[in-house]
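*Asks:* Here's a sequence, model it:
(chains A and B)
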Amino acid sequence: MDSIHNDLNAPHSMGTTIIGVTYDGGVVLGADSRTSTGMYVANRASDKITQLTDNVYICRSGSAADSQVLSDYVRYYLHQHTIQLGQPATVKVAANLVRMVSYNNKNMLQTGLIVGGWDKYEGGKIYGIPLGGTLLEQPFTIGGSGSSYLYGFFDQVWKEGMTQDEAEKLVVKAVSLAIARDGASGGVVRTVTINKDGVLRKFYPGNTLPLWHEELEAKDSLLDSLSAASPEPMVS
Amino acid sequence: MSRFEESAPARGGFSYDLCKRNEMLMQKGLKPSSYLKTGTTIVGLVFQDGVILGADTRATEGPIVADKNCEKIHYMAPNIYCCGAGTAADTEAVTDMVSSQLKLHRFHTGRESRVVTALTLLKSHLFSYQGHVSAALVLGGVDVTGPHLHTIYPHGSTDTLPFATMGSGSLAAMAIFESKYREGLTRDEGVKLVAEAICSGIFNDLGSGSNVDVCVITKGKREYLRNYMLPNPRTYVSEKGYSFSKKTEVLLTKITPLRELVEVIEGGDAMEE
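*Replies:* Below you'll find the model as predicted:
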(Lines give C-alpha, C1' and ligand atoms only; values in the text may rest on other atoms or scores of the structure.)
Protein backbone atom coordinates (compact mmCIF):
# COMPACT_ATOMS: atom_id res chain seq x y z
CA MET A 1 0.00 0.00 0.00
CA ASP A 2 2.85 2.33 0.85
CA SER A 3 4.47 2.02 -2.55
CA ILE A 4 1.26 3.25 -4.17
CA HIS A 5 1.20 6.28 -1.86
CA ASN A 6 4.85 7.02 -2.58
CA ASP A 7 4.10 6.76 -6.26
CA LEU A 8 1.44 9.45 -6.05
CA ASN A 9 4.21 11.83 -5.05
CA ALA A 10 6.58 10.59 -7.71
CA PRO A 11 7.54 13.12 -10.34
CA HIS A 12 4.89 13.48 -12.94
CA SER A 13 6.25 11.86 -16.06
CA MET A 14 4.74 11.34 -19.43
CA GLY A 15 5.37 7.72 -20.42
CA THR A 16 4.38 8.74 -23.88
CA THR A 17 4.51 8.07 -27.52
CA ILE A 18 5.31 11.10 -29.69
CA ILE A 19 5.73 11.21 -33.44
CA GLY A 20 6.57 13.81 -36.07
CA VAL A 21 6.45 13.16 -39.83
CA THR A 22 6.90 15.39 -42.84
CA TYR A 23 4.72 15.05 -45.89
CA ASP A 24 4.45 16.82 -49.22
CA GLY A 25 3.43 20.31 -48.06
CA GLY A 26 3.81 20.23 -44.28
CA VAL A 27 4.19 18.15 -41.14
CA VAL A 28 1.99 15.99 -38.92
CA LEU A 29 2.70 15.75 -35.19
CA GLY A 30 1.05 13.02 -33.13
CA ALA A 31 0.96 11.99 -29.47
CA ASP A 32 -0.94 9.87 -26.97
CA SER A 33 -2.51 11.50 -23.89
CA ARG A 34 -1.38 9.64 -20.78
CA THR A 35 0.47 11.34 -17.90
CA SER A 36 1.50 9.00 -15.11
CA THR A 37 2.83 9.39 -11.56
CA GLY A 38 4.35 6.00 -10.82
CA MET A 39 1.61 3.46 -11.54
CA TYR A 40 -1.31 5.91 -11.38
CA VAL A 41 -2.61 7.75 -14.42
CA ALA A 42 -2.71 11.36 -13.28
CA ASN A 43 -4.21 12.73 -16.48
CA ARG A 44 -5.76 10.47 -19.10
CA ALA A 45 -6.50 13.28 -21.56
CA SER A 46 -3.44 15.50 -21.51
CA ASP A 47 -2.30 17.54 -24.47
CA LYS A 48 1.35 16.85 -25.18
CA ILE A 49 1.49 18.88 -28.37
CA THR A 50 2.10 22.44 -27.28
CA GLN A 51 2.13 25.58 -29.36
CA LEU A 52 5.36 27.59 -29.57
CA THR A 53 4.29 30.00 -32.32
CA ASP A 54 1.45 30.11 -34.85
CA ASN A 55 3.38 27.86 -37.19
CA VAL A 56 5.60 25.78 -34.85
CA TYR A 57 4.47 23.16 -32.35
CA ILE A 58 6.40 20.93 -29.96
CA CYS A 59 5.72 17.37 -28.76
CA ARG A 60 6.76 16.80 -25.15
CA SER A 61 7.89 13.58 -23.45
CA GLY A 62 9.69 12.68 -20.23
CA SER A 63 9.27 14.78 -17.11
CA ALA A 64 6.04 16.78 -17.37
CA ALA A 65 7.33 19.68 -15.28
CA ASP A 66 10.63 19.99 -17.16
CA SER A 67 9.00 19.89 -20.58
CA GLN A 68 6.26 22.39 -19.62
CA VAL A 69 8.74 24.89 -18.21
CA LEU A 70 11.09 24.45 -21.16
CA SER A 71 8.34 25.08 -23.70
CA ASP A 72 7.16 28.12 -21.70
CA TYR A 73 10.68 29.60 -21.84
CA VAL A 74 11.08 28.88 -25.56
CA ARG A 75 7.63 30.35 -26.32
CA TYR A 76 8.71 33.51 -24.52
CA TYR A 77 12.04 33.73 -26.41
CA LEU A 78 10.31 33.05 -29.74
CA HIS A 79 7.74 35.75 -29.05
CA GLN A 80 10.52 38.28 -28.50
CA HIS A 81 12.39 36.98 -31.55
CA THR A 82 9.27 37.34 -33.74
CA ILE A 83 8.80 40.95 -32.62
CA GLN A 84 12.44 41.76 -33.32
CA LEU A 85 12.52 39.94 -36.64
CA GLY A 86 9.20 41.35 -37.89
CA GLN A 87 8.03 38.08 -39.40
CA PRO A 88 7.11 34.57 -38.20
CA ALA A 89 10.02 32.61 -36.74
CA THR A 90 11.37 29.71 -38.77
CA VAL A 91 11.14 26.14 -37.52
CA LYS A 92 14.95 25.97 -37.50
CA VAL A 93 15.22 28.90 -35.06
CA ALA A 94 12.55 27.43 -32.79
CA ALA A 95 14.30 24.04 -32.77
CA ASN A 96 17.65 25.65 -32.04
CA LEU A 97 16.25 27.57 -29.10
CA VAL A 98 14.80 24.37 -27.68
CA ARG A 99 18.14 22.67 -28.20
CA MET A 100 20.09 25.48 -26.45
CA VAL A 101 17.93 25.33 -23.32
CA SER A 102 17.95 21.54 -23.34
CA TYR A 103 21.71 21.24 -23.86
CA ASN A 104 22.79 23.95 -21.44
CA ASN A 105 20.66 22.47 -18.66
CA LYS A 106 21.26 18.84 -19.51
CA ASN A 107 22.16 17.96 -15.91
CA MET A 108 18.83 19.11 -14.57
CA LEU A 109 16.35 18.37 -17.33
CA GLN A 110 14.93 15.02 -18.32
CA THR A 111 12.82 15.58 -21.40
CA GLY A 112 12.80 14.43 -25.02
CA LEU A 113 11.14 16.70 -27.55
CA ILE A 114 10.05 16.87 -31.17
CA VAL A 115 9.74 20.30 -32.80
CA GLY A 116 7.70 20.51 -35.99
CA GLY A 117 6.28 23.29 -38.12
CA TRP A 118 6.05 25.03 -41.43
CA ASP A 119 7.75 28.20 -42.65
CA LYS A 120 7.92 29.81 -46.09
CA TYR A 121 11.68 29.25 -46.53
CA GLU A 122 12.04 25.53 -45.87
CA GLY A 123 8.45 24.28 -45.87
CA GLY A 124 7.53 21.53 -43.40
CA LYS A 125 10.38 20.45 -41.11
CA ILE A 126 10.74 18.06 -38.18
CA TYR A 127 13.55 18.29 -35.60
CA GLY A 128 14.19 15.67 -32.93
CA ILE A 129 15.77 16.82 -29.64
CA PRO A 130 16.32 13.81 -27.39
CA LEU A 131 17.77 13.72 -23.83
CA GLY A 132 21.08 15.54 -23.71
CA GLY A 133 20.21 18.22 -26.22
CA THR A 134 21.22 16.87 -29.62
CA LEU A 135 19.52 18.55 -32.56
CA LEU A 136 18.65 16.32 -35.51
CA GLU A 137 16.70 17.36 -38.56
CA GLN A 138 14.86 14.31 -39.85
CA PRO A 139 12.07 13.51 -42.33
CA PHE A 140 10.31 11.71 -39.50
CA THR A 141 11.11 11.01 -35.87
CA ILE A 142 9.61 9.14 -32.92
CA GLY A 143 10.11 9.60 -29.19
CA GLY A 144 8.96 8.59 -25.73
CA SER A 145 8.76 5.18 -24.10
CA GLY A 146 6.27 3.89 -26.69
CA SER A 147 8.58 4.67 -29.57
CA SER A 148 10.60 1.49 -28.92
CA TYR A 149 7.72 -0.45 -30.47
CA LEU A 150 7.62 1.65 -33.62
CA TYR A 151 11.13 1.59 -35.06
CA GLY A 152 10.50 -1.54 -37.13
CA PHE A 153 7.06 -0.30 -38.17
CA PHE A 154 8.43 2.96 -39.54
CA ASP A 155 11.33 1.29 -41.30
CA GLN A 156 8.76 -0.76 -43.17
CA VAL A 157 6.05 1.81 -43.85
CA TRP A 158 7.82 5.15 -44.24
CA LYS A 159 8.01 6.74 -47.67
CA GLU A 160 8.92 10.21 -48.93
CA GLY A 161 6.35 12.59 -50.35
CA MET A 162 3.14 11.24 -48.77
CA THR A 163 -0.12 13.16 -49.02
CA GLN A 164 -1.61 14.83 -45.95
CA ASP A 165 -4.20 12.10 -45.61
CA GLU A 166 -1.62 9.30 -45.82
CA ALA A 167 0.61 11.03 -43.29
CA GLU A 168 -2.22 11.55 -40.78
CA LYS A 169 -3.39 7.96 -41.12
CA LEU A 170 0.19 6.75 -40.62
CA VAL A 171 0.62 8.80 -37.46
CA VAL A 172 -2.70 7.66 -35.95
CA LYS A 173 -1.95 4.03 -36.77
CA ALA A 174 1.53 4.29 -35.28
CA VAL A 175 0.39 5.90 -32.03
CA SER A 176 -2.39 3.37 -31.58
CA LEU A 177 0.09 0.51 -32.13
CA ALA A 178 2.37 1.95 -29.47
CA ILE A 179 -0.56 2.44 -27.08
CA ALA A 180 -1.46 -1.24 -27.54
CA ARG A 181 2.00 -2.36 -26.43
CA ASP A 182 3.31 0.33 -24.08
CA GLY A 183 1.77 0.52 -20.59
CA ALA A 184 2.91 4.08 -20.14
CA SER A 185 1.06 5.30 -23.23
CA GLY A 186 -2.70 5.44 -23.54
CA GLY A 187 -5.83 7.54 -23.66
CA VAL A 188 -6.66 9.35 -26.87
CA VAL A 189 -4.59 10.15 -29.96
CA ARG A 190 -4.04 13.81 -30.74
CA THR A 191 -2.62 15.05 -34.03
CA VAL A 192 -1.63 18.49 -35.25
CA THR A 193 -1.17 19.09 -38.98
CA ILE A 194 0.80 22.21 -39.98
CA ASN A 195 1.10 23.49 -43.52
CA LYS A 196 0.99 26.75 -45.47
CA ASP A 197 -2.76 27.05 -44.84
CA GLY A 198 -2.37 26.91 -41.08
CA VAL A 199 -2.85 24.45 -38.25
CA LEU A 200 -5.39 21.66 -37.92
CA ARG A 201 -5.91 19.88 -34.59
CA LYS A 202 -7.54 16.46 -34.57
CA PHE A 203 -8.59 14.20 -31.76
CA TYR A 204 -9.24 10.44 -31.92
CA PRO A 205 -10.95 8.97 -28.84
CA GLY A 206 -10.03 5.40 -27.83
CA ASN A 207 -13.10 3.80 -29.35
CA THR A 208 -12.32 5.11 -32.85
CA LEU A 209 -8.87 3.49 -32.89
CA PRO A 210 -8.37 0.11 -34.58
CA LEU A 211 -7.87 -2.96 -32.41
CA TRP A 212 -4.66 -4.98 -32.71
CA HIS A 213 -3.59 -8.53 -31.96
CA GLU A 214 -5.61 -10.06 -29.12
CA GLU A 215 -7.23 -6.78 -28.12
CA LEU A 216 -10.89 -7.26 -27.27
CA GLU A 217 -13.90 -5.24 -28.35
CA ALA A 218 -15.24 -2.99 -25.55
CA LYS A 219 -18.47 -4.50 -24.27
CA ASP A 220 -20.97 -2.89 -21.89
CA SER A 221 -18.63 -0.01 -21.30
CA LEU A 222 -19.23 3.69 -20.72
CA LEU A 223 -17.83 4.23 -24.20
CA ASP A 224 -21.08 2.91 -25.64
CA SER A 225 -23.01 5.86 -24.24
CA LEU A 226 -20.19 8.23 -25.24
CA SER A 227 -19.83 7.04 -28.82
CA ALA A 228 -23.57 7.47 -29.33
CA ALA A 229 -23.09 11.16 -28.62
CA SER A 230 -20.06 12.01 -30.78
CA PRO A 231 -18.63 9.44 -33.20
CA GLU A 232 -16.63 11.85 -35.36
CA PRO A 233 -13.14 13.00 -34.50
CA MET A 234 -13.51 16.55 -33.20
CA VAL A 235 -11.84 19.03 -35.51
CA SER A 236 -11.08 22.47 -34.08
CA MET B 1 24.52 32.10 -25.13
CA SER B 2 25.17 32.84 -21.43
CA ARG B 3 21.80 34.61 -21.48
CA PHE B 4 20.12 31.22 -21.47
CA GLU B 5 22.09 30.07 -18.45
CA GLU B 6 20.99 33.09 -16.43
CA SER B 7 17.36 32.64 -17.28
CA ALA B 8 17.28 28.90 -16.59
CA PRO B 9 16.65 27.72 -13.01
CA ALA B 10 19.71 28.76 -10.99
CA ARG B 11 22.28 26.12 -10.19
CA GLY B 12 22.88 25.90 -6.46
CA GLY B 13 19.73 27.89 -5.71
CA PHE B 14 19.06 25.53 -2.85
CA SER B 15 21.82 24.98 -0.29
CA TYR B 16 22.20 21.38 0.85
CA ASP B 17 24.81 22.06 3.58
CA LEU B 18 22.51 21.20 6.46
CA CYS B 19 21.54 17.90 4.84
CA LYS B 20 25.02 16.53 5.57
CA ARG B 21 24.66 17.63 9.18
CA ASN B 22 21.26 15.96 9.43
CA GLU B 23 22.59 12.73 7.96
CA MET B 24 25.40 12.74 10.49
CA LEU B 25 22.94 13.31 13.35
CA MET B 26 20.66 10.52 12.13
CA GLN B 27 23.59 8.14 12.03
CA LYS B 28 24.28 9.08 15.64
CA GLY B 29 20.70 8.08 16.53
CA LEU B 30 18.73 11.33 16.44
CA LYS B 31 15.18 10.73 15.19
CA PRO B 32 14.09 13.30 12.60
CA SER B 33 11.20 15.48 13.76
CA SER B 34 7.91 14.47 12.20
CA TYR B 35 6.00 17.09 10.29
CA LEU B 36 2.33 17.72 9.80
CA LYS B 37 1.06 16.21 6.56
CA THR B 38 -2.40 16.50 5.16
CA GLY B 39 -3.13 12.87 4.15
CA THR B 40 -6.00 14.33 2.29
CA THR B 41 -8.62 14.02 -0.32
CA ILE B 42 -9.04 17.17 -2.39
CA VAL B 43 -11.22 17.49 -5.47
CA GLY B 44 -12.44 20.05 -7.96
CA LEU B 45 -14.93 20.05 -10.77
CA VAL B 46 -16.24 22.44 -13.40
CA PHE B 47 -20.01 22.79 -13.58
CA GLN B 48 -22.18 24.92 -15.81
CA ASP B 49 -21.79 28.21 -13.93
CA GLY B 50 -18.27 27.87 -12.48
CA VAL B 51 -16.14 25.56 -10.35
CA ILE B 52 -16.68 23.63 -7.12
CA LEU B 53 -13.79 22.67 -4.84
CA GLY B 54 -13.98 20.12 -2.05
CA ALA B 55 -11.66 18.85 0.68
CA ASP B 56 -11.65 16.69 3.78
CA THR B 57 -10.44 18.15 7.11
CA ARG B 58 -7.96 15.71 8.62
CA ALA B 59 -4.33 16.67 9.21
CA THR B 60 -2.01 13.81 10.19
CA GLU B 61 1.39 13.60 11.84
CA GLY B 62 2.49 10.11 10.97
CA PRO B 63 -0.23 7.80 12.36
CA ILE B 64 -1.75 10.44 14.65
CA VAL B 65 -4.54 12.82 13.70
CA ALA B 66 -3.08 16.16 14.65
CA ASP B 67 -6.02 18.32 13.58
CA LYS B 68 -9.54 16.93 13.23
CA ASN B 69 -10.91 19.99 11.54
CA CYS B 70 -8.28 21.85 9.55
CA GLU B 71 -8.97 24.08 6.55
CA LYS B 72 -7.54 22.83 3.30
CA ILE B 73 -9.33 25.17 0.93
CA HIS B 74 -7.14 28.26 0.87
CA TYR B 75 -8.07 31.73 -0.29
CA MET B 76 -6.05 33.03 -3.23
CA ALA B 77 -8.22 35.86 -4.55
CA PRO B 78 -11.92 36.77 -4.25
CA ASN B 79 -12.57 34.67 -7.32
CA ILE B 80 -9.87 32.00 -6.91
CA TYR B 81 -9.49 29.28 -4.26
CA CYS B 82 -6.88 26.55 -3.93
CA CYS B 83 -7.06 23.15 -2.19
CA GLY B 84 -3.75 21.85 -0.88
CA ALA B 85 -2.43 18.34 -0.23
CA GLY B 86 1.00 17.30 1.00
CA THR B 87 3.01 18.91 3.77
CA ALA B 88 0.64 21.33 5.56
CA ALA B 89 3.31 23.98 6.09
CA ASP B 90 4.26 23.92 2.41
CA THR B 91 0.70 24.23 1.10
CA GLU B 92 -0.11 26.97 3.61
CA ALA B 93 3.04 28.95 2.87
CA VAL B 94 2.97 28.68 -0.88
CA THR B 95 -0.73 29.60 -1.14
CA ASP B 96 -0.28 32.55 1.26
CA MET B 97 2.73 33.77 -0.71
CA VAL B 98 1.01 33.59 -4.08
CA SER B 99 -2.14 35.14 -2.61
CA SER B 100 -0.07 38.19 -1.56
CA GLN B 101 1.60 38.34 -4.95
CA LEU B 102 -1.81 38.24 -6.62
CA LYS B 103 -3.05 41.10 -4.44
CA LEU B 104 -0.06 43.25 -5.38
CA HIS B 105 -0.67 42.35 -9.00
CA ARG B 106 -4.30 43.45 -8.66
CA PHE B 107 -3.19 46.81 -7.34
CA HIS B 108 -0.68 47.08 -10.16
CA THR B 109 -3.09 46.20 -12.98
CA GLY B 110 -6.38 47.41 -11.51
CA ARG B 111 -8.08 44.21 -12.64
CA GLU B 112 -9.56 41.04 -11.21
CA SER B 113 -6.95 38.26 -10.91
CA ARG B 114 -6.94 35.50 -13.49
CA VAL B 115 -6.58 31.83 -12.65
CA VAL B 116 -3.69 31.37 -15.11
CA THR B 117 -1.75 34.08 -13.24
CA ALA B 118 -2.03 32.15 -9.99
CA LEU B 119 -1.15 28.98 -11.91
CA THR B 120 2.04 30.44 -13.40
CA LEU B 121 3.16 31.92 -10.07
CA LEU B 122 2.63 28.61 -8.28
CA LYS B 123 4.19 26.44 -10.97
CA SER B 124 7.34 28.54 -11.31
CA HIS B 125 7.85 28.60 -7.55
CA LEU B 126 7.39 24.85 -7.19
CA PHE B 127 9.56 24.06 -10.23
CA SER B 128 12.47 26.10 -8.90
CA TYR B 129 12.40 24.03 -5.70
CA GLN B 130 12.53 20.83 -7.76
CA GLY B 131 9.81 19.04 -5.81
CA HIS B 132 11.19 19.71 -2.34
CA VAL B 133 8.26 22.00 -1.57
CA SER B 134 5.80 19.17 -1.15
CA ALA B 135 2.59 20.90 -2.22
CA ALA B 136 0.08 19.25 -4.54
CA LEU B 137 -2.69 21.71 -5.34
CA VAL B 138 -6.08 21.87 -6.98
CA LEU B 139 -6.56 25.45 -8.15
CA GLY B 140 -9.97 26.64 -9.28
CA GLY B 141 -11.64 29.92 -10.02
CA VAL B 142 -13.77 32.02 -12.34
CA ASP B 143 -12.36 35.05 -14.12
CA VAL B 144 -13.24 37.13 -17.18
CA THR B 145 -12.18 34.30 -19.47
CA GLY B 146 -14.48 31.80 -17.76
CA PRO B 147 -14.22 28.99 -15.19
CA HIS B 148 -10.87 27.20 -14.84
CA LEU B 149 -9.65 24.17 -12.93
CA HIS B 150 -6.00 23.12 -12.71
CA THR B 151 -3.92 20.61 -10.80
CA ILE B 152 -0.35 21.48 -9.80
CA TYR B 153 2.16 18.83 -8.78
CA PRO B 154 5.12 19.34 -6.41
CA HIS B 155 7.62 19.24 -9.28
CA GLY B 156 5.87 22.08 -11.06
CA SER B 157 3.89 20.35 -13.77
CA THR B 158 0.28 21.35 -14.30
CA ASP B 159 -2.80 19.85 -15.90
CA THR B 160 -6.03 21.53 -16.95
CA LEU B 161 -9.03 19.31 -16.43
CA PRO B 162 -12.82 19.37 -16.11
CA PHE B 163 -12.57 17.34 -12.89
CA ALA B 164 -9.58 16.53 -10.72
CA THR B 165 -8.60 14.83 -7.49
CA MET B 166 -5.35 14.92 -5.49
CA GLY B 167 -3.93 13.54 -2.25
CA SER B 168 -3.84 10.05 -0.76
CA GLY B 169 -7.60 9.68 -1.21
CA SER B 170 -7.47 10.75 -4.85
CA LEU B 171 -8.03 7.26 -6.20
CA ALA B 172 -11.19 6.76 -4.15
CA ALA B 173 -12.52 10.18 -5.15
CA MET B 174 -11.56 9.74 -8.81
CA ALA B 175 -13.56 6.51 -8.92
CA ILE B 176 -16.68 8.51 -8.01
CA PHE B 177 -15.93 11.25 -10.52
CA GLU B 178 -15.15 8.89 -13.38
CA SER B 179 -18.46 7.08 -12.96
CA LYS B 180 -20.74 10.06 -12.26
CA TYR B 181 -19.26 13.21 -13.79
CA ARG B 182 -20.79 14.74 -16.87
CA GLU B 183 -20.59 18.13 -18.51
CA GLY B 184 -23.12 20.82 -17.61
CA LEU B 185 -23.93 19.81 -14.04
CA THR B 186 -26.13 22.15 -12.04
CA ARG B 187 -24.91 23.68 -8.79
CA ASP B 188 -26.77 21.22 -6.57
CA GLU B 189 -25.72 18.19 -8.61
CA GLY B 190 -22.12 19.40 -8.57
CA VAL B 191 -22.04 19.99 -4.82
CA LYS B 192 -23.62 16.59 -4.22
CA LEU B 193 -21.04 14.90 -6.45
CA VAL B 194 -18.13 16.70 -4.79
CA ALA B 195 -19.41 15.78 -1.32
CA GLU B 196 -19.80 12.17 -2.45
CA ALA B 197 -16.26 12.06 -3.79
CA ILE B 198 -14.81 13.52 -0.58
CA CYS B 199 -16.84 11.07 1.52
CA SER B 200 -15.43 8.26 -0.58
CA GLY B 201 -11.95 9.49 0.31
CA ILE B 202 -12.87 9.97 3.97
CA PHE B 203 -14.24 6.47 4.42
CA ASN B 204 -11.84 4.52 2.21
CA ASP B 205 -8.54 6.29 2.80
CA LEU B 206 -6.79 6.24 6.18
CA GLY B 207 -5.09 9.56 5.56
CA SER B 208 -8.38 11.41 5.08
CA GLY B 209 -11.25 11.84 7.50
CA SER B 210 -13.54 14.04 9.58
CA ASN B 211 -15.64 16.58 7.72
CA VAL B 212 -16.30 17.82 4.19
CA ASP B 213 -15.53 21.40 3.15
CA VAL B 214 -16.98 22.72 -0.10
CA CYS B 215 -16.37 25.95 -1.97
CA VAL B 216 -18.57 27.03 -4.89
CA ILE B 217 -17.15 29.75 -7.15
CA THR B 218 -19.27 31.39 -9.81
CA LYS B 219 -19.00 34.64 -11.73
CA GLY B 220 -19.00 37.41 -9.17
CA LYS B 221 -19.82 35.19 -6.21
CA ARG B 222 -18.20 32.58 -4.04
CA GLU B 223 -19.69 30.45 -1.26
CA TYR B 224 -17.28 28.93 1.18
CA LEU B 225 -19.27 26.12 2.81
CA ARG B 226 -17.08 25.28 5.78
CA ASN B 227 -18.06 21.89 7.26
CA TYR B 228 -20.74 21.36 4.62
CA MET B 229 -21.11 17.79 5.85
CA LEU B 230 -20.20 16.28 9.21
CA PRO B 231 -20.33 12.53 8.59
CA ASN B 232 -18.12 11.66 11.57
CA PRO B 233 -19.84 12.89 14.72
CA ARG B 234 -18.47 11.97 18.11
CA THR B 235 -20.45 8.86 18.97
CA TYR B 236 -19.34 7.97 22.48
CA VAL B 237 -19.78 10.49 25.27
CA SER B 238 -19.14 9.12 28.77
CA GLU B 239 -22.18 9.25 31.10
CA LYS B 240 -19.95 9.94 34.05
CA GLY B 241 -18.96 13.19 32.52
CA TYR B 242 -15.52 14.60 32.04
CA SER B 243 -14.79 16.37 35.31
CA PHE B 244 -11.50 15.27 36.77
CA SER B 245 -11.30 15.46 40.58
CA LYS B 246 -8.34 17.23 42.01
CA LYS B 247 -5.55 14.87 42.99
CA THR B 248 -3.35 17.59 44.38
CA GLU B 249 -2.80 18.21 48.12
CA VAL B 250 -2.16 21.69 49.46
CA LEU B 251 0.96 21.71 51.64
CA LEU B 252 1.63 25.39 52.10
CA THR B 253 0.06 28.59 50.96
CA LYS B 254 2.38 31.57 50.84
CA ILE B 255 1.63 34.69 48.95
CA THR B 256 4.57 36.90 48.11
CA PRO B 257 3.39 40.27 46.84
CA LEU B 258 5.31 41.65 43.89
CA ARG B 259 7.40 44.67 44.80
CA GLU B 260 6.81 47.64 42.58
CA LEU B 261 10.02 48.88 41.05
CA VAL B 262 9.98 52.66 41.25
CA GLU B 263 12.38 54.40 38.92
CA VAL B 264 13.87 57.57 40.38
CA ILE B 265 14.59 60.13 37.70
CA GLU B 266 17.25 62.70 38.71
CA GLY B 267 15.59 65.90 37.65
CA GLY B 268 14.89 66.70 34.03
CA ASP B 269 12.03 65.51 31.86
CA ALA B 270 11.62 61.71 31.72
CA MET B 271 10.82 61.95 28.03
CA GLU B 272 14.05 63.64 27.13
CA GLU B 273 16.59 61.38 25.48
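
*Asks:* where do the strands sit along chain A?
*Replies:* Counting by DSSP state E, one finds strands in chain A at the ranges A:13-14, A:18-23, A:26-31, A:35-37, A:40-43, A:49-51, A:56-63, A:111-119, A:123-129, A:136-138, A:140-143, A:189-195, A:198-204, A:234-235.

*Asks:* what's the neighbour count on residue 45?
*Replies:* This is for chain A. Neighbour count for residue A:45, taken as other Cβ atoms under 10 Å in any protein chain shown: 17. (Each C-beta comes from the backbone N, C-alpha and C, glycine too.)

*Asks:* right idea, wrong chain: chain B
*Replies:* Burial measure for residue B:45: 25 neighbouring residues, criterion other Cβ under 10 Å.

*Asks:* Just confirm it is within a strand.
*Replies:* Yes. The assignment for residue B:45 is a strand, going by DSSP: H, G, I helix; E, B strand; the rest coil.

*Asks:* can you pull the contacts of it?
*Replies:* Applying Cβ atoms under 8 Å, 6 or more residues apart in numbering or on different chains, we find residue B:45 in contact with B:51, B:52, B:149, B:162, B:163, B:164, B:177, B:181, B:185, B:190, B:193, B:194.

*Asks:* if we take the residues you listed, which one ends up nearest to residue A:219?
*Replies:* Distances from those to residue A:219 were compared by Cβ to Cβ; the smallest belongs to residue B:181, at 22.4 Å.

*Asks:* wait, doesn't the closest one sit right on residue B:194?
*Replies:* No. Look at residue B:181 against residue B:194 with Cβ atoms under 8 Å: they stay out of range, at 10.1 Å.

*Asks:* From the neighbour counts alone, determine which of those two ranks first.
*Replies:* Neighbour count, other Cβ under 10 Å: between residue B:181 and residue B:194, residue B:194 has more, with 30 against 18.

*Asks:* Return the residues in contact with the residue nearest to that one when sequence neighbours are not counted.
*Replies:* Leaving out its chain neighbours, the residue that sits closest to residue B:194 by Cβ to Cβ, 6 or more residues apart in numbering or on different chains is residue B:54, at 3.8 Å. For residue B:54, the contact set (Cβ under 8 Å, 6+ apart) comprises B:42-44, B:73, B:83, B:194-195, B:197-198, B:212-215.

*Asks:* Which of those residues fall in strands?
*Replies:* By the criterion of DSSP E, membership of the contacts of residue B:54 in strands covers B:42, B:43, B:44, B:73, B:83, B:212, B:213, B:214, B:215.

*Asks:* Pull the contacting residues for the last one.
*Replies:* When the contact criterion is Cβ under 8 Å, 6+ apart, the partners of residue B:215 are B:52, B:53, B:54, B:73, B:81, B:222, B:223, B:224, B:225.

*Asks:* Just the buried subset of the residues you listed, written out for PyMOL, thanks.
*Replies:* Typed into PyMOL, the next command selects the buried ones out of the contacts of residue B:215 (criterion: 16 or more other Cβ atoms under 10 Å in any protein chain shown):
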select buried, chain B and resi 52+53+54+73+81+222+225
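
*Asks:* nearest to residue B:235, of the strands of chain A?
*Replies:* Ranking these by distance to residue B:235, with Cβ to Cβ as the measure, places strand A:40-43 first at 33.9 Å.

*Asks:* Packing partners of the closest one?
*Replies:* Taking 3 or more Cβ pairs under 8 Å, 6 or more residues apart in numbering or on different chains; DSSP states H and E as the contact definition, the neighbouring helices and strands of strand A:40-43 are helix A:2-8, strand A:35-37.

*Asks:* quick revisit: adjacent strands (with direction) for the helix or strand that contains the residue nearest to residue B:194?
*Replies:* In this structure, residue B:54 is located in strand B:50-55 according to DSSP states H and E. Note on strand B:50-55: by DSSP bridges, its sheet partners are strand B:42-47 (antiparallel), strand B:212-218 (antiparallel).

*Asks:* Tell me if I'm right that residue B:193 and residue B:181 touch.
*Replies:* Yes. Under the criterion of Cβ under 8 Å, residue B:193 is in contact with residue B:181, at a separation of 6.7 Å.

*Asks:* Give me the phi and psi for residue A:205.
*Replies:* Listed backbone geometry of residue A:205 is phi -70, psi 160, with angles given as degrees, to the nearest 10.

*Asks:* what about it, how many residues close to it?
*Replies:* Using other Cβ under 10 Å, residue A:205 has 19 neighbouring residues.

*Asks:* separation between residue B:250 and chain A?
*Replies:* Applying Cβ to the nearest Cβ, to the nearest Å, one obtains 53 Å for the distance of residue B:250 from chain A.

*Asks:* I meant residue B:60, not that one.
*Replies:* When distance is defined by Cβ to the nearest Cβ, residue B:60 is 12 Å away from chain A.

*Asks:* Which helix or strand contains that residue?
*Replies:* Taking DSSP H and E as the definition, one finds residue B:60 inside strand B:59-61.

*Asks:* same question, residue B:104
*Replies:* Under the criterion of DSSP H and E, residue B:104 resides in helix B:88-109.
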